[in-house]
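Novice: Could you look at this predicted model? Sequence included:
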Amino acid sequence: MASSKRQSVTPLRAVLPSGKKDTDFFQQVWALVRLIPRGRVTSYGAIAACLGARSGARMVGWAMNSSHGVHPKVPAHRVVNRVGLLSGKDHFASPTAMQEQLEKEGIKIKDNQIVDFEKHFWDPGQALTGHQL
């Protein structure tokens, strides 16, 4: 699912906070989600894997559910499930808000799923290769 376009990246250690383990995981998720480029998406599992918590996709989902109202803003609409379904759409202000935000960024949605998911997928682990946590 990797894109042929190489994104400019910020060293992960420069954007991810460190400290207490439980609350910091959410903060690390939010910091990583803020790096997702406009018009791109990633999955809960890809975020978890990038943060060293391969089986932590559900925890990433909880972090996304808790991100509304966090400052700076977290573009939670850019996080979908592993096949591109808008599985978190019910946690937005309206049932269509997630889709509307993605469509504003040029991503087409059909039946609550991203069209050409692989084209829009941003793999945080690959994009940030060579950068240490």
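Specialist: Cool, the structure landed. Numbers count the residues shown, from 1 in each chain.

Novice: Which residue ranges of the chain form helices?
Specialist: Assigned by DSSP state H, the helices in the chain fall at 12-15, 21-33, 44-50, 57-65, 97-104, 117-120, 124-127.

Novice: how about TSV for the ones you listed, with distance to H77 added?
Specialist: (Each C-beta comes from the backbone N, C-alpha and C, glycine too.) Below are the helices of the chain laid out as TSV (distance: least, CB to CB, whole Å):
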stretch	distance to H77
helix 12-15	19
helix 21-33	10
helix 44-50	13
helix 57-65	9
helix 97-104	4
helix 117-120	12
helix 124-127	16
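
Novice: Just say which of the ones you listed is most tucked in.
Specialist: Comparing these by mean neighbour count (mean count of other CB atoms under 10 Å), helix 44-50 ranks first with a mean of 22.

Novice: Just list what that helix packs against, helices and strands only.
Specialist: Here helix 44-50 touches helix 21-33, helix 57-65, strand 79-80, helix 124-127, going by 3 or more CB pairs under 8 Å, 6 or more residues apart in numbering; DSSP states H and E.

Novice: If you average pLDDT per helix and strand, which one of the chain comes out bottom?
Specialist: Ranking every helix and strand in the chain by mean pLDDT, DSSP states H and E puts helix 12-15 at the bottom, with a mean of 47.

Novice: residues contacting R78?
Specialist: For R78, the contacting residues are V33, I36, R40, V41, T42, L102, W122, by CB atoms under 8 Å, 6 or more residues apart in numbering.

Novice: For the closest residue to the first one other than its chain neighbours, grab the count of nearby residues.
Specialist: Which is V33. Nearest residue to V33, sequence neighbours excluded (CB to CB, 6 or more residues apart in numbering): V74, at 5.3 Å. A count of nearby residues for V74, using other CB atoms under 10 Å, gives 23.
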